[in-house]
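1. I would like to see how this sequence folds:
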Amino acid sequence: MRFLLCFLVLPLSSFAQDTIQQKDSVKLSFHQKSMLYSAILPGLGQIRNSLEAPNKNAIWEVPLIYAGLGATGYFLYTNQQTQLSLKQEYTNRQNGGSLNPKWAPYDDQAVLSLYRQYLDWRDLSILGFAAVYLFQIAEAGAQAHFVHFDTNPNLSLALEPQFIPNQYIGARLQLSFR
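-> Sure, this is the predicted structure:
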């Protein structure tokens with residue numbers, strides 16, 4: 001009986017492992033790999049696209065990506081530090097502690113108002129940082145679609161004005177394929 005049970009169960013277990021192995025192997029397309037590279041390290045997808053198609057050089061975009069991330073990161077940091085300083089100042093005023101000379105000219109309501117303002121600016125800085133990061137990922141994917149795009153001069157679309165004397169003015173659309 002045990003022999004029969006092992007004989008029936010053993011093939012099922014090997015079949016299940018084959019199914020798992022097939023599902024584990026995922027093939028990413030070219031643009032998906034570029035997007036993944038940009039998600040791991042910003043700008044890496046653009047560099048990959050430029051190396052694949054040297055005539056479509058996009059390496060110049062990498063400094064712009066890091067400038068955008070650096071600027072939004074700087075604003076995020078400064079707004080966070082100012083917000084924390086204002087929060088500490090307001091807490092000190094409520095507890096009767098020492099005042100920061102930077103915030104001494106402001107009354108309690110002004111400090112609270114500034115705190116809320118810098119809190120909102122910090123949140124907008126977070127959104128800006130995320131927008132730049134996500135935009136560069138999407139741009140790497142869109143650019144990767146055009147890496148293998150056929151730009152043969154025999155493929156063209158021309159829209160030209162058409163003049164027929166004493167009759168009408170129109171437009172002529174001309175499509176040329178290889």
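2. max-length helix in this structure?
-> Longest helix in the chain by number of residues (criterion: DSSP state H): helix 108-145.
3. helices and strands around that one, which ones?
-> Helix 108-145 is packed against helix 30-40, helix 44-52, helix 61-95, with contacts defined by 3 or more Cβ pairs under 8 Å, 6 or more residues apart in numbering; DSSP states H and E. In this view, the C-beta of every residue, glycine as well, is placed from N, C-alpha and C.
4. out of those, which is the most enclosed?
-> Mean neighbour count, computed with mean count of other Cβ atoms under 10 Å, is highest for helix 44-52 among the helices and strands packed on helix 108-145, reaching a mean of 20.
5. and that helix, how far out from the chain's middle?
-> 15 Å (Cα atoms, centre = their mean, to the nearest Å).
6. go on, stretch 56-76?
-> 11 Å.
7. re earlier: want to throw the helices and strands packed on helix 108-145 into TSV with mean pLDDT?
-> Formatted as TSV, the helices and strands packed on helix 108-145 follow (pLDDT from 0 to 100):
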stretch	mean pLDDT
helix 30-40	91
helix 44-52	89
helix 61-95	95
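8. reformat the ones you listed as a markdown table; add distance to residue 111.
-> Output for these, formatted as a markdown table (distance: least, Cβ to Cβ, whole Å):
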| stretch | distance to residue 111 |
| --- | --- |
| helix 30-40 | 40 |
| helix 44-52 | 44 |
| helix 61-95 | 5 |
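9. out of those, which is closest to residue 131?
-> Residue 131 sits nearest to helix 61-95 of all the helices and strands packed on helix 108-145, at 8.1 Å, using Cβ to Cβ.
10. what separation is there between residue 55 and residue 108?
-> Here residue 55 is placed at a distance of 63 Å from residue 108 (Cβ to Cβ, to the nearest Å).
11. more neighbours, the two?
-> Neighbours of residue 55 and residue 108, each counted by other Cβ atoms under 10 Å, are more numerous for residue 108; the result is 11 against 7.
12. tell me the confidence at that one?
-> With respect to pLDDT, residue 108 has a value of 89.
13. and the spatially closest residue to it that is not a sequence neighbour, how far from residue 106?
-> Distances taken as Cβ to Cβ, 6 or more residues apart in numbering put residue 93 closest to residue 108, at 5.7 Å, once the chain neighbours are dropped. Plainly put, residue 93 is 10 Å away from residue 106 if you go by Cβ to Cβ.
14. same thing with residue 32?
-> Separation of residue 32 from residue 106 (Cβ to Cβ) stands at 52 Å.
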